[in-house]
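Chemist: Let's see this in three dimensions:
(2 chains)
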There are 2 protein chains.
Amino acid sequence: MPKTSALAPAVSFSSSERDAVYKAIFTRRDVRDQFLPDPVPDDVVRRLLEAAHNAPSVGFMQPWNFITIRDQAVREKVAQAFGRANAEAAALFPEERQYDYKSLKLEGIRKAPLNICVTCDRERGGKVVLGRTHNASMDLYSTVCAVQNLWLAARAEGIGMGWVSIFHDADLKAILGIPDRIEIVAYLCLGYVDELYERPELEVKGWTRRLPLDALIFEDRWQGGA
Amino acid sequence: MPKTSALAPAVSFSSSERDAVYKAIFTRRDVRDQFLPDPVPDDVVRRLLEAAHNAPSVGFMQPWNFITIRDQAVREKVAQAFGRANAEAAALFPEERQYDYKSLKLEGIRKAPLNICVTCDRERGGKVVLGRTHNASMDLYSTVCAVQNLWLAARAEGIGMGWVSIFHDADLKAILGIPDRIEIVAYLCLGYVDELYERPELEVKGWTRRLPLDALIFEDRWQGGA
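Modeler: Model prediction:
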């Protein structure tokens, strides 16, 4: 193995730089309806995907692919697959919640000018991957880190993003020609936004509440109930 | 459901704020050995956990808990659990890679002054969770988003973080008293750093290479081989 250390003084963050990182984290929203029609320029898409590609990955496996989807016919098929799955989803809720559930807009597939499907190639690093020997999900988790990088970068670019998870994977794979062995991790809708919710939309709309952080922190061992 | 829209003009990012977000993303490293012994002050830990708690979560489920671990005796037990699992891991690699594998330092459990175990309570939102009806892993993925928020916030605070994934979960659960029904998503080591690798450590050390991003991007449908 090469001996070069390649260690360098850690680049520090000014307080305004630090605040900018927190600003992205705290003002990021899961956007479903506020997308403007303006196309996202290629160089901006490239920056977003560079951000995703610089996520941590187990064993430096980089198991992700990014399918950028702008074609309206493809998005129409995806929207229909969502619609079928969402009708099934609605029926799973207790009757008293179904009206509220159906009133929520849960995707921006047609409205957002850019969709991105993020996948995980579980065989990319070969059979034995450093760091994945005892937790087989680590490659999926790496791919999720890429999604979150993309989300925060998008926020900083003035672009809203929503993660749509109500699909049968088989439908999406058929529409996008994704091979069996590839796992779909996220289907994302992106576009410029000029308005955002100040708090999470599901909180604003009374679906559920923000939990108090204090109740979620334990010291040195689990301190909640079984 | 309340009718309040609570939509507000999207807060914009100046170019220097945008650059700061990218700086966190591009200079973030998976740190295993560069930790300084200085304790991370409580208010800083709080900011990191606030960042994690502001991650997106499916159906606003917020399924995470954070166990902060400073106790040396606890960290010693965790380090020993890692050691046992890592010996098993090393044996899985082809003989010609075992020397290199064993020469890598893969954790900073004892050296980092702060460890955080991040868990996912898969029952938190009840049986039917909005957005998790068709992908049962969405709560785990939400928890990973919290980890990535924490990682980027840490970077902006001058704190390095490493994700240790070579454990038997049963060992960690026994040491930390984590109930069966709770899933461990990440075990993290954190501490201030004054040096970082300029590129990912596994690339610097010749374990594996950065993939060209262009090869990972497809348009409108999967374009790689099956």
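Chemist: Identify the residues contacting the residue nearest the centre of chain A.
Modeler: Geometric centre of chain A, nearest residue: residue A:147, 4.2 Å, by CA atoms, centre = their mean. Listed by CB atoms under 8 Å, 6 or more residues apart in numbering or on different chains, the contact partners of residue A:147 are A:52, A:118, A:163, A:185-186, A:188, B:141, B:145. Heads up, the C-betas are built off the backbone N, CA and C, glycines and all.
Chemist: What's the first helix or strand after the biggest strand by length in chain A?
Modeler: Looking across chain A with DSSP state E, the single longest strand is strand A:182-192. As assigned by DSSP states H and E, the chain's next helix or strand after strand A:182-192 is strand A:195-197.
Chemist: counting contacts, what elements does that next one pack onto?
Modeler: For strand A:195-197, the helices and strands in contact under the criterion 3 or more CB pairs under 8 Å, 6 or more residues apart in numbering or on different chains; DSSP states H and E are strand B:7-9.
Chemist: counting contacts, what elements does the strand it packs on pack onto?
Modeler: If you count contacts as 3+ CB pairs under 8 Å, 6+ apart, strand B:7-9 packs onto strand A:195-197.
Chemist: Next secondary structure after the strand it packs on?
Modeler: Using DSSP H and E, the helix or strand that follows strand A:195-197 in sequence is helix A:201-204.
Chemist: Quick check: buried residues in that following helix?
Modeler: Judged by neighbour count using 16 or more other CB atoms under 10 Å in any protein chain shown, the buried positions of helix A:201-204 are A:201-202, A:204.
Chemist: wait, what's in contact with the residue nearest to residue A:171 when sequence neighbours are not counted?
Modeler: Computed as CB to CB, 6 or more residues apart in numbering or on different chains, the closest residue to residue A:171 that is not its neighbour in sequence is residue A:81, at 3.9 Å. Going by CB under 8 Å, 6+ apart, residue A:81 touches A:167-168, A:171-172, A:175.
Chemist: of those, buried ones?
Modeler: Using 16+ other CB under 10 Å as the burial test, these include A:167, A:171-172, A:175 as buried.
Chemist: so how far is the host helix or strand of residue A:81 off the chain centroid?
Modeler: Using DSSP H and E, the element containing residue A:81 is helix A:72-92. Helix A:72-92 has its C-alpha centroid displaced from the chain centroid by 18 Å (CA atoms, centre = their mean, to the nearest Å).
Chemist: So for that helix, what gets flagged as buried?
Modeler: Judged by neighbour count using 16+ other CB under 10 Å, the buried positions of helix A:72-92 are A:74-75, A:77-79, A:81-82, A:85-86, A:89-90.
Chemist: Dihedrals phi and psi, the closest residue to residue A:191 other than its chain neighbours?
Modeler: For residue A:191, ignoring the flanking residues on the chain, the nearest one in space by CB to CB, 6+ apart is residue A:35 at 3.4 Å. Taking degrees, to the nearest 10, you get phi -70, psi 130 for the backbone angles of residue A:35.
Chemist: So what's the residue count around residue A:35?
Modeler: By the criterion of other CB atoms under 10 Å in any protein chain shown, residue A:35 has 22 neighbours.
Chemist: Verify the assumption that residue A:218 is located in a strand.
Modeler: Yes. Membership of residue A:218 in a strand is supported by DSSP: H, G, I helix; E, B strand; the rest coil.
Chemist: thought it was touching residue B:66?
Modeler: Yes. Assessed by CB atoms under 8 Å, residue A:218 is found in contact with residue B:66 at 7.2 Å.
Chemist: that older thread, state the distance from the residue nearest to the centre of chain A to residue A:16.
Modeler: 27 Å (CB to CB, to the nearest Å).
Chemist: What are the neighbouring residues in contact with the closest residue in space to residue A:74 that isn't next to it in sequence?
Modeler: Nearest residue to residue A:74 in three dimensions, chain neighbours excluded: residue B:220, at 5.4 Å (CB to CB, 6+ apart). Contacts for residue B:220 (CB under 8 Å, 6+ apart) come out as A:67-71, A:74.
Chemist: before we move on, back to that, residue A:218 and residue B:66 - which one has more neighbours?
Modeler: Remark: of residue A:218 and residue B:66, residue B:66 carries more neighbours, 22 against 19, as counted by other CB under 10 Å.
Chemist: Give me the distance between that one and chain A.
Modeler: Residue B:66 sits 5 Å away from chain A, going by CB to the nearest CB, to the nearest Å.
Chemist: what's that residue sitting at in phi/psi?
Modeler: In terms of degrees, to the nearest 10, the main-chain angles of residue B:66 are phi -130, psi 120.
Chemist: who's it bridged to?
Modeler: residue A:217, residue B:118 (DSSP bridges).
Chemist: So it sits against residue B:116, correct?
Modeler: Yes. Here residue B:66 reaches residue B:116: they are 5.7 Å apart, a contact under CB under 8 Å.
Chemist: Kindly calculate the angle that the helix or strand hosting residue A:101 makes with helix A:72-92.
Modeler: According to DSSP H and E, residue A:101 maps onto helix A:95-103. Relative orientation of helix A:95-103 versus helix A:72-92 (axes from the mean of the first three to the mean of the last three CA atoms, to 10 degrees): 170 degrees.
Chemist: Which of the contacts of residue B:220 ranks first by neighbour count?
Modeler: Within the contacts of residue B:220, most neighbours by other CB under 10 Å means residue A:67, with 25 neighbours.
Chemist: Against residue A:163, how distant is that residue?
Modeler: Applying CB to CB to residue A:67 and residue A:163 gives a distance of 15 Å.
Chemist: Repeat that for residue A:143.
Modeler: In this structure, residue A:143 and residue A:163 are 12 Å apart, going by CB to CB.
Chemist: who has more neighbours, the two?
Modeler: Shown here are residue A:143 and residue A:163; by other CB under 10 Å, residue A:143 has more neighbours (29 against 25).
Chemist: Just say helix, strand or coil for the more buried one.
Modeler: helix.
Chemist: Please name the residues that touch it.
Modeler: A:55, A:57, A:63-64, A:118-120, A:185-186.
Chemist: Low-confidence regions, chain A specifically.
Modeler: Where chain A drops to pLDDT under 70, the residues are A:1-5, A:226.
Chemist: Could you give the bridge partners of residue A:9?
Modeler: residue B:195.
Chemist: Just to check, it is in contact with residue B:194?
Modeler: Yes. When contacts are counted by CB under 8 Å, residue A:9 is listed as touching residue B:194 (6.5 Å).
Chemist: Out of these two, name the residue with the larger neighbour count.
Modeler: residue B:194 (12 against 9).
Chemist: If anything else comes up later, I'll come back, but that's it for now.
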